[in-house]
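Enquirer: Predicted structure and sequence below. I'll ask about it afterward.
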Amino acid sequence: MGAHRVVVFVRDGLLAMEFGSVHRLFGQATSEDGTPLYEVTTATTVPGPVRTDTDVRIEVSRGLGALRDADTVIVPASDLDYRSEPDGADGVLGLIPPGVRIASICTGSFVLAAAGLLDGRRATTHWKSADAFRALYPRVQLEPNVLYTHDGNILTAAGEASGIDLCLHMIRSDFGSAVANRVARGTVVPPHRSGGQAQYIDTPVPRSTTGSTSAAQAWAIENLDQPLSLRVLASKQAMSVRTFARKFTADVGMSPAKWIVQQRLHRARELLENTDHTIDKVAAEAGFGTATSMRQHLMAEIGVSPSAYRATFAAHTIAPPMNPQAAQSEPVRTLFRP
């Protein structure tokens, strides 16, 4: 049995990071005796130089005929995907034989959707493009908060880095965890992040500064560490609870209770990123009361614990003074074991 044939279909404006990651990850996958498990090639509509989103171009010698022999076709993003008019690449996908695995990274999902391959399927794309995607392709079951999706023979990844997760997922599906873990160690990336883990999205919490409940919103934001009952908020606008709840939802597009949780999560993330407060103190200042409550809400929102979020996004790290002699002799430790 020959190597699994992966064809990377590239377009003008190719995102170079995604292209390099695909070649690197699949190219590193070998059997125990060192035999390559994948044959990775690149194809484009018209062979020749292809512009990337950097100051370099790549020379592609293979044309669309390569798609007919592929076991897997991967479509990385292009900086042209952000234009309103399509680049016509979706028509190319009709050359791929039925049953071939097709994957996209980031806004490469727009190409798959334009070809009708995502109709009725779960899919994702970069969170910044989610609204545009949903408007263009309402028949797709868009899941804008996840890292990647796997629906039959169609896979989609949310962004550049989650393309790495998707490639490792495919390697794991094809040849098992041992191979995928070796590839991960060789490229110094985590061996597995679940596709259902949320994207780290910096989404502003809706707020109205001119609506009939704007004063209550402003007061709530300044007092998130206090109990915020609907009755207290309604009193800030001199309204009945029922009237306030109706007008608040009309102003911001969600119920007061949900809005308060979102504001508290936003505050908690800010504190985790920018302070050295203990988890308990962050929970108290954000209004969750206990670290357990904050952890439950953060896990439900983005799929990670407060400690894991801080480890990823902390603006600075406080480390104890290091003994210079110990620093010379202490080995560097990594997350990965050979």
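Expert: Structure received.

Enquirer: my guess is residue 19 meets residue 9, correct?
Expert: No. Using CB atoms under 8 Å, residue 19 is not in contact with residue 9; the gap is 10.5 Å. Heads up, the C-betas are built off the backbone N, CA and C, glycines and all.

Enquirer: Between the two, point out the one with more neighbours.
Expert: Remark: of residue 19 and residue 9, residue 9 carries more neighbours, 28 against 22, as counted by other CB atoms under 10 Å.

Enquirer: how about the strands of the stretch 1-150 of the chain, start to end?
Expert: 4-9, 38-43, 48-51, 57-60, 72-75, 101-105, 122-123, 141-142, 148-151 (DSSP state E, counting those that start in this stretch).

Enquirer: To residue 182, which of those lies closest?
Expert: Nearest of the strands of the stretch 1-150 of the chain to residue 182, taken as CB to CB: strand 38-43 at 13.2 Å.

Enquirer: now that closest one against strand 4-9, angle please.
Expert: Relative orientation of strand 38-43 versus strand 4-9 (axes from the mean of the first three to the mean of the last three CA atoms, to 10 degrees): 20 degrees.

Enquirer: Contacts made by strand 38-43 with the rest, please.
Expert: 2-10, 19, 22-23, 26-27, 29, 58, 60, 62-67 (CB atoms under 8 Å, 6 or more residues apart in numbering).

Enquirer: which element is residue 172 on?
Expert: According to DSSP states H and E, residue 172 maps onto helix 160-175.

Enquirer: Give me the residues contacting that helix.
Expert: 4, 15, 17-18, 21-22, 25-26, 29, 37, 72, 76-77, 101, 103, 105-106, 147-148, 150, 155-157, 179-180, 183-184, 187, 189, 191-193, 195, 199.

Enquirer: Quick one: buried ones out of the residues you listed?
Expert: 4, 15, 17-18, 21-22, 25-26, 29, 37, 72, 76-77, 101, 103, 105-106, 147-148, 150, 155-157, 179-180, 183-184, 189, 191, 193, 195, 199 (16 or more other CB atoms under 10 Å).

Enquirer: quick one, domains of this protein?
Expert: For the chain, automatic domain parsing gives the domain ranges 4-187, 214-313.

Enquirer: so of those, which one's packed in deepest?
Expert: domain 4-187 (a mean of 19; mean count of other CB atoms under 10 Å).

Enquirer: And it, end to end?
Expert: End-to-end distance of domain 4-187 (CA to CA, to the nearest Å): 20 Å.

Enquirer: Also stretch 215-235?
Expert: 11 Å.

Enquirer: ranges for the helices of the stretch 51-200 of the chain?
Expert: Taking DSSP state H, counting those that start in this stretch, the helices of the stretch 51-200 of the chain run over residues 109-114, 130-136, 160-175, 177-187.

Enquirer: and those helices as CSV, adding distance to residue 291 and mean pLDDT?
Expert: Formatted as CSV, the helices of the stretch 51-200 of the chain follow (distance: least, CB to CB, whole Å; pLDDT from 0 to 100):
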stretch, distance to residue 291, mean pLDDT
helix 109-114, 37, 94
helix 130-136, 31, 92
helix 160-175, 28, 90
helix 177-187, 31, 84
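
Enquirer: Can you say which of those is nearest to residue 266?
Expert: Of all those, helix 130-136 comes closest under CB to CB, at 18.7 Å.

Enquirer: now that closest one: how far from the chain's centre is it?
Expert: 16 Å (CA atoms, centre = their mean, to the nearest Å).

Enquirer: Which other helices and strands does it contact?
Expert: For helix 130-136, the contact count by 3 or more CB pairs under 8 Å, 6 or more residues apart in numbering; DSSP states H and E identifies helix 109-114, strand 141-142 as packing neighbours.

Enquirer: And those: which comes nearest residue 271?
Expert: Comparing these by CB to CB, strand 141-142 comes nearest, at 31.1 Å.
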